[in-house]
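K.L.:
Compute the structure for the input listed below.
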Amino acid sequence: MNIYDGAHNLAKALKDCEEVKEYKNATETVKNSDIAKKMIEDFRRLQFEAYNEQVSTGKISEDTDKKIRDLAAVISINADVNKYLQAEARFAIVWEDIMKILNDAVGIDSAL
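P.N.:
Modelled structure (predicted):
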């Protein structure tokens, strides 16, 4: 088998993967809701803000932490957004595992 055949086989396996199917379905659902898209956008913005605070000061401010907790509470009530974020997290784990397998196979240390 050549490398391109292997890549096509991996692509097919991913397409048939339950985590990918759930993520695609959840994405389609939230894509059709302005409220859901805004919640996800706000959540991402707060995650980025918290990350920047953590990197620059070594901690997350109480204000940012409260905003994240408040938004997380709202998100947990919205079933579509909650399902999307959970599906995204499960897909991210699969993707990271695949990348680790590929990096290990070719001898690349992704921890650098």
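K.L.:
what's the following helix or strand after the helix or strand that contains residue 26?
P.N.:
Taking DSSP states H and E as the definition, residue 26 sits inside helix 18-31. If you walk from helix 18-31 toward the C-terminus, the next helix or strand you reach (DSSP H and E) is helix 34-57.
K.L.:
what's that following helix packed up against?
P.N.:
Helices and strands in packing contact with helix 34-57 are listed as helix 18-31, helix 62-77, helix 79-106; criterion 3 or more CB pairs under 8 Å, 6 or more residues apart in numbering; DSSP states H and E. Glycine gets a C-beta too; all of them are placed from N, C-alpha and C.
K.L.:
between those helices, which gets the lowest average pLDDT?
P.N.:
Looking over those, mean pLDDT reaches its minimum on helix 62-77, with a mean of 90.
K.L.:
so how far is it from its chain's centroid?
P.N.:
Helix 62-77 has its average C-alpha position 18 Å from the chain's average C-alpha position, going by CA atoms, centre = their mean, to the nearest Å.
K.L.:
rewinding a little: reformat the helices and strands packed on helix 34-57 as JSON lines; add mean neighbour count and distance to residue 39.
P.N.:
Below are the helices and strands packed on helix 34-57 laid out as JSON lines (neighbours: other CB atoms under 10 Å; distance: least, CB to CB, whole Å):
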{"stretch": "helix 18-31", "mean neighbour count": "15", "distance to residue 39": "8"}
{"stretch": "helix 62-77", "mean neighbour count": "13", "distance to residue 39": "6"}
{"stretch": "helix 79-106", "mean neighbour count": "14", "distance to residue 39": "5"}
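K.L.:
For residue 42, which of those is the nearest?
P.N.:
Checking the helices and strands packed on helix 34-57 against residue 42 by CB to CB gives helix 62-77 as the closest, at 6.0 Å.
K.L.:
Now tell me what touches that closest one from outside.
P.N.:
Outside of helix 62-77, the residues within contact range by CB atoms under 8 Å, 6 or more residues apart in numbering are 39, 42-43, 46-47, 49-50, 53, 60, 81-82, 85.
K.L.:
No further questions, thank you.
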